[in-house]
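# give the three-dimensional model of this entry:
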Amino acid sequence: MTQKTIELRKNHLRDEFNCGNKVLDEYLKKQANQDVRKKLARCFVVTDEPNSFRVIGYYTLSAASVPRKLIPYDLEKKFPDAYVTIPAILLGRLARDVAFANQRLGEELLIDALYRSFLASKELGTFAVVVDPIDQNAKKFYEKYGFIQLPDSGRMFLPMKSIEQLFN
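So this is what the prediction gives:
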């Protein structure tokens, strides 16, 4: 990624963004600013040139929790009994424009999101990054980077210890 991810601003151009998934396109165009303003999510974008405002990729992060009973037993047994839910960071959405397919932009956005999550974990208690893959292609994408399916859930997670190993 030649450009650094920055927080979404009102002057970013989003109307032409097309990742091939209407839900993700419409979120960026119509909902992202509201979620940021209401402090429901943080949205990070990358533009096509350093001084351009045209968004070519984005992701969102927010606080989340995972029911303890969904975590695989070998990890779940390490938590005190008092924890019914385990704190996590939700990578809510991640998309790149179809015009930038096969340029590893999606991977670079994921690495950036994991790095931000890793930094946040130094200040907050967070066990993992969780995702809700929007379709089978997204599920395969996350599996390729080590995300694990949570039983009885469409949700996947990557433990913070695994993320930490990427950046230490």
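
# which residues of this protein score low on pLDDT?
Counting by pLDDT under 70, the ranges of the chain that qualify are 1-3.

# buried set for stretch 157-168?
The neighbour-count check on stretch 157-168 (16 or more other C-beta atoms under 10 Å) flags 157, 158, 159, 160, 162, 163 as buried. Glycine gets a C-beta too; all of them are placed from N, C-alpha and C.

# ok, now which ones touch the fifth one?
Under the criterion of C-beta atoms under 8 Å, 6 or more residues apart in numbering, the contact list for residue 162 reads residue 146.

# check the offset of the host helix or strand of it from the chain's centre.
For residue 162, the host element (DSSP states H and E) is helix 160-167. Remark: helix 160-167 is offset 15 Å from the chain centroid, using C-alpha atoms, centre = their mean, to the nearest Å.

# got the CA coordinates for that helix in CSV?
Taking Å, rounded to 0.1, in the frame of the first residue of the first chain, the C-alpha atoms of helix 160-167 are listed here in CSV:
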residue,chain,number,x,y,z
MET,A,160,-4.1,-11.1,20.2
LYS,A,161,-1.2,-13.4,21.0
SER,A,162,-1.0,-14.4,17.3
ILE,A,163,-1.3,-10.8,16.2
GLU,A,164,1.4,-9.8,18.6
GLN,A,165,3.8,-12.2,17.0
LEU,A,166,3.3,-10.5,13.7
PHE,A,167,4.6,-7.2,15.1
